[in-house]
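> Sequence first, predicted model second:
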Amino acid sequence: MKQFLFYALRILIITLLIAVALDGMYTYVFLQSKNRGKIETVFNSKAKKFDVVILGSSRANNHFVSQMFEDKGLKTFNYGMSGGHLFEASLMLKLMIEKKYEIKNVILEADLNLSNDKESDGVAAKFLPYIHSSKVIEKHFSAQDNFNELYYLPFYRYIKYDSKIGFREVYKIIKGELTNALDNLGYYPLVKHKNGNMKNNIVNLNPLPKNKYYEEIKNICKANNINFIAVMTPMCENVKGMNYFDKVKKAYPEIHNYENVVQEDKYFSSCGHMNDAGAKIFTARILSDFFGKK
């Protein structure tokens with residue numbers, strides 16, 4: 001029995017040492033990554049200056065044409081992340097402040113994402129390689145139920161989120177494979193699809209009375225003298241429950257409602273996402289209304 005316990009302890013120690021070694025190796029690789037995604041690009045960057053930073057979900061990523069801001073003399077990058085929630089948008093802004101970014105204006109897409117204050121596993125996981133390297137990231141995740149496992153168990157986060165930050169991603173970073181995440185200054189244009197879903201039902205969707213991460217973004221902007229612009233972006237005409245946007249306006253009167261600025265289906269790739277033509281119409285309106293650029 002004593003021999004068995006000694007053997008089991010030895011296996012446990014070896015396993016732990018391997019986990020620590022792999023954790024260190026994976027983390028080192030991510031600390032070198034600068035050109036695959038928006039999160040690692042910010043984390044591994046030096047201080048930058050922007051006239052406009054765009055935050056939000058895919059409805060930011062696909063709706064704000066960064067080059068149109070640049071053409072008007074406004075240094076801009078679209079940091080919208082497909083699948084992301086306000087949890088990740090808030091953390092992205094905190095990370096920029098931690099990296100000493102100078103930002104004049106933040107445009108936040110705040111509409112459907114106001115209905116929850118949860119993390120998006122697929123997007124949030126991409127911050128985890130840096131959880132031991134950033135106090136901001138550590139603190140942001142500290143309230144999550146699985147924080148102790150993610151923070152204290154070596155290599156656990158890489159196993160749990162293998163599809164996002166596991167071996168395949170590490171291999172692609174080492175090979176120097178690029179993605180399109182940083183193309184077009186972060187804006188991802190969509191095309192009109194014949195089979196695009198042009199119906200949606202948001203009847204049961206309700207904005208939270210006080211979304212924690214929306215309030216964080218607003219307060220960060222105030223504390224850092226950043227002009228905060230929150231907007232609701234368009235949806236197609238065939239949506240049930242469009243009074244959701246009225247609910248948002250009632251709960252958050254400072255959010256500007258642009259849900260009906262672009263309406264015709266020909267300007268949409270799917271009901272919740274405009275195509276490139278629609279995004280250009282929308283962006284032109286934003287430039288005119290908030291920056292006096294026509």
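The structure has been received and is ready for your questions. Because the structure is a prediction, the values reported are computed rather than measured. Numbering: from 1, shown residues only.
> can you map out the strands along the stretch 1-150 of the chain?
For the stretch 1-150 of the chain, the strands defined by DSSP state E, counting those that start in this stretch cover 49-55, 76-78, 102-109.
> So what does the nearest residue to Asn61 once chain neighbours are set aside look like in phi/psi?
The shortest distance from Asn61 to any non-neighbouring residue, by Cβ to Cβ, 6 or more residues apart in numbering, is to Gly80 (3.4 Å). Heads up, the C-betas are built off the backbone N, CA and C, glycines and all. Backbone torsions of Gly80, given as degrees, to the nearest 10, read phi -60, psi 140.
> Could you do Glu254 as well?
phi -80, psi -10.
> For it, give me the pLDDT.
For Glu254, the model assigns a pLDDT of 97.
> of all the strands of the stretch 1-150 of the chain, which lies closest to Arg10?
strand 49-55 (49.4 Å; Cβ to Cβ).
> Between its first and last residues, what's the separation in stretch 248-260?
14 Å (Cα to Cα, to the nearest Å).
> Give me the contact list for that stretch.
Stretch 248-260 has contacts (Cβ atoms under 8 Å, 6 or more residues apart in numbering) with 110-111, 114, 207-210, 214, 229-235, 242, 245, 282, 285-286, 289.
> Let me have the strands of the stretch 1-150 of the chain in TSV, extended by distance to Leu9, mean pLDDT and mean neighbour count.
Listed next are the strands of the stretch 1-150 of the chain as TSV, based on distance: least, Cβ to Cβ, whole Å; pLDDT from 0 to 100; neighbours: other Cβ atoms under 10 Å:
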stretch	distance to Leu9	mean pLDDT	mean neighbour count
strand 49-55	49	98	22
strand 76-78	51	98	24
strand 102-109	52	98	21
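> can you list the ones you listed in a markdown table and add distance to Gly37?
Formatted as a markdown table, the strands of the stretch 1-150 of the chain follow (distance: least, Cβ to Cβ, whole Å):
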| stretch | distance to Gly37 |
| --- | --- |
| strand 49-55 | 15 |
| strand 76-78 | 13 |
| strand 102-109 | 19 |
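> For Ile165, which of those strands is the nearest?
strand 49-55 (21.5 Å).
> Paired strands for that closest one, with orientation please.
strand 76-78 (parallel), strand 102-109 (parallel) (DSSP bridges).
> No further queries at this time; thank you.
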